[in-house]
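Undergrad: Got a predicted structure plus its sequence, pasted below:
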Amino acid sequence: MRMLTFASRNTKEILRDILTLIFGIAFPIVLLVLLSMINKSIPQGYGPDLFQIEKLTPGITVFGLSFLSLFSSMLIAKDRTTSFVLRLFTSPLKPSDFILGYTLPMIPMAIIQSVICYLAAMIFGLEFSANIFLAVAVNIPIALVFIALGLLFGTILSEKAVGGVCGALLTNLSAWFSNIWFDTAMVGGAFKKVADCLPFSHAVAAARAAAAGDYSAIMPDLWWVIGYAVVLLVAAIAVFSVKLKKH
Amino acid sequence: MEAIRTENLVKKYKDKTAVKGLDLTVHQGELYALLGVNGAGKSTTIKMLSCLTQPTSGDAFVMGHSVVKEADQVKAIMNVSPQETAVAAKLSVRENLEFIARIYGCDKKQAREKTDQILEEFSMQEIEKSRAATLSGGWQRRLSIAMALITQPQVLFLDEPTLGLDVLARRELWSVIEKLKGKMTIILTTHYLEEAESLSDRIGIMAKGVLCAEGTAAELKAKAGCDDFEEAFIKLAEEVNSNIR
């Protein structure tokens, strides 16, 4: 009950920020539209395979989810740097209420974000199939990875630093190592090895497999993502609890 | 009856002792001002009493509940209006109030009723739909105090409630605080000595982590042999400083 009240407050704070709409919805759709248009103007067979709408859309949905880190970390960092957090820490809210209250509002946002991206992609030629629902479901553990990163960075960094780390660094890193914009195998070497160790390329591969209905290819990559989500969430809870006690 | 009692309360930060064996008693319904220069230990004391930080040793009891062993019970019966304005910026005035009421256990209906009541008491009906971030500093502070009061706490901590406000806004808040007197126990920390003198039933002066003097404003002036409260404060605080030096 208390946790849901706190989650509801967090939802309002995030949704009333214009940045949420710009980065969460508008930016991924603009990218989808631009890349689809570019791809359409390239003669068939000459454009990059990755920019085909069937491959591009799952990738863009994952890229859009990276902004969840920015939203959650900004909110936590802002709460931490104002006296509002003192009010919350002296209230009957428990550490678990804080973690869940910051996490839960992000999940429906992730689902809505993915659904909007897939709907927009249909305008540009993506065929409707039931697999799209599966792809949206596969995006949930991926969203948890980004939410956990946001919780972690929002807990340890200042409001100013968090904008740079989650807004610029993380979104760029997750894009470079994701296979959305270019195939990391083309770069090869250490870059490819790092990409394979991080969850981003696995997230995109799982989302693409789900959207394509290639069911057997989903779980090998999704396990990576689930593993990262669990580890990062546990780390975020531990760091947040330590910070709470230190306060 | 005692609303607050501290027993040999100590708080150490690495090699610095911020509060040194504090024994303090505040009676129920009293408005008690805790004064002291920066670093005197008053903020640390408030943090321990409001369960924000654990004492290194000793204990404090809020309405009979130990802040060490019964923090949940203490949190349920007290509230804090922090030094800076503590409001959720993107929520409206009403949403802020209902949010606090609900995290303290009210259901939707109770939260709405309590909010209606406090909006009226604080003359905030006209701005109930305004987002907190759009309010002036004075109104934000007023909202911040209203958020602490909506839970009907038995003990209220007001940490520098008028800091940074202009004279008019400060006087308005004084009248709000005046109206609360007797309804609950209030611990007020302030740097404005005239605020403490005007509002408090009793005043405690802290210096170097110890309570160096306590009494009504008149008693403290008599103790220091001064007619002016500011002079009395300086004299009493400096006595401790010179003794510890």
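TA: Nice, I can see it.
Undergrad: contacts, neighbours, all on C-alpha from now
TA: OK.
Undergrad: Find the nearest non-adjacent residue to the residue of chain A found nearest chain B, please.
TA: Going by CA to the nearest CA, chain B is nearest to A:Phe84 of chain A, at 4.2 Å. Distances taken as CA to CA, 6 or more residues apart in numbering or on different chains place B:Ala86 nearest to A:Phe84, at 4.2 Å, with adjacent residues excluded.
Undergrad: State the distance from that neighbour to A:Leu75.
TA: B:Ala86 sits 14 Å away from A:Leu75, going by CA to CA, to the nearest Å.
Undergrad: A:Ser8 - how many residues pack around it?
TA: A:Ser8 is flanked by 16 other residues according to other CA atoms under 10 Å in any protein chain shown.
Undergrad: ok, then the element right after whichever strand or helix holds it?
TA: Assigned by DSSP states H and E, A:Ser8 falls within helix A:2-15. Under the assignment DSSP H and E, the closest C-terminal helix or strand after helix A:2-15 is helix A:18-19.
Undergrad: how far away is the residue of chain A closest to chain B from B:Asp166?
TA: 22 Å.
Undergrad: So for these two, which sits in the more crowded spot?
TA: A:Phe84 (20 against 11).
Undergrad: Please say whether there is contact between the helix holding A:Ser8 and chain B.
TA: Yes: residues of helix A:2-15 contacting chain B under CA under 8 Å from any CA of the partner chain: A:2-3, A:5-6, A:9, A:12-13.
Undergrad: In terms of secondary structure, what does that helix contact?
TA: Judged by 3 or more CA pairs under 8 Å, 6 or more residues apart in numbering or on different chains; DSSP states H and E, the packing partners of helix A:2-15 are helix A:53-81, helix A:95-103, helix B:93-103.
Undergrad: List the contacts of the residue nearest to B:Lys208 when sequence neighbours are not counted.
TA: Of all residues not flanking B:Lys208 in the chain, B:Ala40 sits nearest, at 4.8 Å (CA to CA, 6+ apart). By CA atoms under 8 Å, 6 or more residues apart in numbering or on different chains, the contact list for B:Ala40 reads B:18, B:206-210.
Undergrad: doesn't B:Ala40 fall inside a strand?
TA: No: if the criterion is DSSP: H, G, I helix; E, B strand; the rest coil, then B:Ala40 is coil and not within a strand.
Undergrad: That one and B:Val210: what is the separation?
TA: B:Ala40 is 8 Å from B:Val210, by CA to CA.
Undergrad: just B:Ser198 next, same as before
TA: Here B:Ser198 is placed at a distance of 24 Å from B:Val210 (CA to CA).
Undergrad: quick one: which of these two has more around it?
TA: Neighbour tally, B:Ser198 and B:Val210, criterion other CA under 10 Å: the higher count belongs to B:Val210, 21 against 11.
Undergrad: Got the phi and psi for the residue in chain B positioned nearest to chain A?
TA: Per CA to the nearest CA, B:Ala86 is where chain B lies closest to chain A, at 4.2 Å. Reported as degrees, to the nearest 10, the phi and psi values for B:Ala86 are phi -120, psi 80.
Undergrad: Might you report the residue contacts of it?
TA: For B:Ala86, the contact set (CA under 8 Å, 6+ apart) comprises A:82-87, B:141, B:144.
Undergrad: what does chain A have sitting close to chain B?
TA: Near chain B, when you scan chain A using CA under 8 Å from any CA, you find A:1-3, A:5-6, A:9, A:12-13, A:16, A:82-87, A:89-93, A:245-247.
Undergrad: Now do residue 187: how many residues are near it, please.
TA: With no chain named, the answer covers chain A. When neighbours are counted by other CA under 10 Å, A:Val187 comes out with 10.
Undergrad: oops, chain B please
TA: Neighbour count of B:Ile187, defined by other CA under 10 Å: 23.
Undergrad: circling back to that earlier point, and the contacts of B:Ala86 as TSV, adding secondary structure, pLDDT and distance to B:Ala217?
TA: Formatted as TSV, those follow (DSSP: H, G, I helix; E, B strand; the rest coil; pLDDT from 0 to 100; distance: CA to CA, whole Å):
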residue	secondary structure	pLDDT	distance to B:Ala217
A:Thr82	coil	83	33
A:Ser83	coil	83	30
A:Phe84	helix	88	32
A:Val85	helix	88	34
A:Leu86	helix	88	30
A:Arg87	helix	91	30
B:Arg141	helix	87	26
B:Ser144	helix	91	28
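Undergrad: Looking at these, which is nearest A:Val230?
TA: Distance to A:Val230, by CA to CA, is smallest for A:Val85 among these, at 26.0 Å.
Undergrad: List the contacts of stretch B:98-116.
TA: By CA under 8 Å, 6+ apart, stretch B:98-116 touches A:1-3, A:5-6, A:9, A:91-93, B:76, B:94, B:97, B:147, B:150-151.
Undergrad: Distance of B:Glu95 relative to A:Ile99?
TA: B:Glu95 is 21 Å from A:Ile99, by CA to CA.
Undergrad: Settle it for me: which of those two has more neighbours?
TA: B:Glu95 (22 against 19).
Undergrad: Next, the contact list for that one, please.
TA: Under the criterion of CA under 8 Å, 6+ apart, B:Glu95 has no neighbours.
Undergrad: So what does the closest residue to B:Ala237 other than its chain neighbours look like in phi/psi?
TA: Spatially, and ignoring its direct neighbours in sequence, B:Ala237 is nearest to B:Ala207 (5.8 Å; CA to CA, 6+ apart). Backbone geometry at B:Ala207, expressed as degrees, to the nearest 10, gives phi -150, psi 140.
Undergrad: Same check on the one 3 residues further on?
TA: According to degrees, to the nearest 10, the main-chain angles of B:Val210 amount to phi -120, psi 160.
Undergrad: quick one: B:Glu197 and B:Asp228 touch, right?
TA: No: using CA atoms under 8 Å, B:Glu197 is not in contact with B:Asp228, being 10.4 Å away.
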